[in-house]
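Engineer: Turn this into a model:
(2 chains)
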There are 2 protein chains.
Amino acid sequence: MFELTHRDGTARRGKLMTPHGVVETPVFMPVGTQGTVKAMTARDLEEVGASIILGNTYHLYLRPGDDLIARRGGLHRFMGWSRPLLTDSGGYQVFSLAARRTLGEDGVRFRSHLDGSAYELTPEKAVDIQAQLGSDIAMVLDECPGLPATEEMLRSSVELTARWASRCRTRLLELREGGVASVTHINKGQVQFGIVQGGTSSNLRQLSAERTLAVGFEGYAIGGLSVGESPEEMYRTVESTAPLLPEKQPRYLMGVGTPVDLVECVARGIDMFDCVMPTRNARNGQLFTSQGILNIKNARFAEDDSPVDPECGCYSCRHFSRAYLRHLFVAGEITASALNTLHNLYFYLDTMKGIRDAIAFGTFEKFRQSLHRTFSRRSLNP
Amino acid sequence: MFELTHRDGTARRGKLMTPHGVVETPVFMPVGTQGTVKAMTARDLEEVGASIILGNTYHLYLRPGDDLIARRGGLHRFMGWSRPLLTDSGGYQVFSLAARRTLGEDGVRFRSHLDGSAYELTPEKAVDIQAQLGSDIAMVLDECPGLPATEEMLRSSVELTARWASRCRTRLLELREGGVASVTHINKGQVQFGIVQGGTSSNLRQLSAERTLAVGFEGYAIGGLSVGESPEEMYRTVESTAPLLPEKQPRYLMGVGTPVDLVECVARGIDMFDCVMPTRNARNGQLFTSQGILNIKNARFAEDDSPVDPECGCYSCRHFSRAYLRHLFVAGEITASALNTLHNLYFYLDTMKGIRDAIAFGTFEKFRQSLHRTFSRRSLNP
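Structural biologist: Reported below is the predicted structural model:
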């Protein structure tokens, strides 16, 4: 399902084959939390070049529910998205959003952040929900401790995550054999990725990688980063963990990150990324450009007739000025969220395209340095 | 600037020539209050077939200001809209939104609903602002009394509106002769419509029409309706007022209305309409369909896989189910506002196209009866 086509140093370019089409890697996956990428329609996403998006299992499980989505034919059909979809396991949101969590060997009991009602997420349940959503790539349930955490907490988390990984795999194999009557297995070609935890400890990362690889998955993710550690610690951890993962399988760094994070982690052998940053920051008026970061609400843009990014080919930049986008933002118009999100996603996806091309042409290091210059330069809004 | 091409009874079909293109009438103008139709981009509006939109002078005057917009080259260029634009005079919003209004012969002093700062709107100022916005059609400043109002209040309002109309016309003629150094006259082809007031009194409407016609404008509007009176009173007032207006000039009924209002007032000789109903109701989940009104938040749609309107050709109806749109609405997603607004505007503009075609084919009465059956039938959500 994964083919490496080019290498440039440790950076890799490849193709990920899924039931809903091929994804060129390295790839950035926009986050569609509640069955839509916020402020976007499916055709907006296609236009900006999204080849795969992420759905949040926790949110969809609570509302509208995986049973309802399965009855609609799965998440692709429900949301009108015909390209590949990855779903997370719900674990991260249970640990970050839900109220009154109780963690046990069997799973985690929690109350919905929406209405306080009680739920339980077990490894098997996380697999079942994702089977009913019908994503192309499903993630195992992992425990996600915040950082900093003690060595003992991290080790115990790694061990629990490994036991859960094994249960998740067993459950998926049962589903594949058609053995669970209560679960609608929407997407028979769905694959499953394991998740390596262990904080910033290279020993624990090694332990977690060994345990996770011993179970065996179609791909592997590095989880538990971008949760409070410094970028340097994050890069160091990725640098030591990525080589522990199978060369010929896709590597997914969860929840990362800034444009610089993306290029730095591609440099360390990562193939897949997701992050709310381009979409959330767009709604807050922070725009990523070829000249650095631009805060559109800044008064200096009130009479600026140039586009947000003169080098950008997105609909927003080809049709509207900074002055207009600032006005829409200040006036609180929904259209501001749409135009800003369109731009930021275009920038992120265009950056990934630039990375892929650079890897193919053997100019990745040059691309990386250039991106660093863009984002270390004094921002447009110091 | 206006050519009548077909008649069917009292209903008229025509073409309105403007510096930004031809508008086929009868026409519905989506409302773009703050320099955008809420939740829409310019290309969305083009796609749903908007041939002319309305900008609110009051809002744009307060934020970002007509001077700023004039320096950007006018409202068309500022908002990236290349088709015709009509601006209202700001009067209606001053009377409905502003705080601490003081009405005098010279104009109205008020405080901004945004920050309480003091402004004055005079007839001349209303003309100047619209000249700086550069709309294709500008409206005179009128006084807009709420209904019910006493005969005396209405008569005094009619007299004041007539004196203001004369001052507005004089000012525009000065601008056309290039005589006002402080005002940037963006759109030399801008025309001006007078407004007939008089509540539901046919005597006062007649008086107001005579006074307004005596000034002389490129078109005439009926104002002061849809402000609390019954539909029957509104239809009766339109029926008695429209024939008082020049046969060969466009007639604009301000702030109206429901689909049934549109067809009933076309039947009485109206050519132009604007209303926030399709856009505002969309954001509240109320959708207009060929089967009546549908409230998308209704639980009955939770598992409904059919489109909002099986007969509709809009992007929302061609790609998404009621179940999905209900989910997006319940989840509070911005995308719900966008998809719902797209649908309602498409429905309104498609209805107007149906009206125009029916007038051309001599089947308007049939179209009118059919629309009545649609909207008098038990709604989908009784």
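Engineer: Tell me the spacing between A:P278 and A:M352.
Structural biologist: From A:P278 across to A:M352, the span is 11 Å (C-beta to C-beta, to the nearest Å). From N, CA and C alone the C-beta is placed, and that goes for glycine too.
Engineer: And these two? Which one has more around it.
Structural biologist: Using other C-beta atoms under 10 Å in any protein chain shown, the more surrounded residue of A:P278 and A:M352 is A:P278, with 27 against 23.
Engineer: And that one, which helix or strand is it part of?
Structural biologist: helix A:277-283 (DSSP states H and E).
Engineer: Which SSE is immediately downstream of that helix?
Structural biologist: strand A:286-289.
Engineer: Residues in contact with that next one: which ones?
Structural biologist: With contacts defined as C-beta atoms under 8 Å, 6 or more residues apart in numbering or on different chains, strand A:286-289 is touched by A:259, A:278, A:281, A:293-296, A:308-309, A:311-312, A:340, A:343-344, A:347-348, A:380.
Engineer: let's go with 6 Å and repeat that
Structural biologist: Here strand A:286-289 makes contact (C-beta atoms under 6 Å, 6 or more residues apart in numbering or on different chains) with A:294-296, A:308-309, A:343-344, A:347.
Engineer: of these, closest to B:E174?
Structural biologist: Closest approach to B:E174 among these (C-beta to C-beta): A:I296, at 38.2 Å.
Engineer: Report the separation between that closest one and chain B.
Structural biologist: A:I296 sits at a distance of 13 Å from chain B (criterion: C-beta to the nearest C-beta, to the nearest Å).
Engineer: How many neighbouring residues does that residue have?
Structural biologist: Using other C-beta under 10 Å, the number of residues around A:I296 comes to 26.
Engineer: That one contacts A:R283, doesn't it?
Structural biologist: No: here A:I296 does not reach A:R283: they are 11.0 Å apart, not a contact under C-beta atoms under 6 Å.
Engineer: Identify the residue nearest the geometric centre of chain A.
Structural biologist: A:D274 (2.0 Å; C-alpha atoms, centre = their mean).
Engineer: Report how many residues lie close to the closest residue to it other than its chain neighbours.
Structural biologist: Excluding the flanking residues, the one nearest A:D274 by C-beta to C-beta, 6 or more residues apart in numbering or on different chains is A:M29, at 4.2 Å. For A:M29, the neighbour count with other C-beta under 10 Å is 25.
Engineer: need the residues of chain A near chain B, please.
Structural biologist: Contact residues, chain A versus chain B (C-beta under 6 Å from any C-beta of the partner chain): A:34-36, A:38-39, A:64, A:72, A:78, A:80, A:319-320, A:323-324, A:327, A:331, A:333-335, A:337.
Engineer: among those residues, which are in strands?
Structural biologist: Cross-referencing those against strands under DSSP state E gives no overlap.
Engineer: mind listing which of those are in helices?
Structural biologist: A:78, A:319, A:323-324, A:327, A:334-335, A:337 (DSSP state H).
Engineer: A:R111 and chain B, how far apart?
Structural biologist: Counting by C-beta to the nearest C-beta, the gap between A:R111 and chain B amounts to 18 Å.
Engineer: phi, psi of the residue located most distally from the centre of chain A?
Structural biologist: Distance to the chain centre peaks in chain A at A:E303, reaching 36.2 Å (criterion: C-alpha atoms, centre = their mean). Here is the backbone geometry of A:E303 (degrees, to the nearest 10): phi -120, psi 30.
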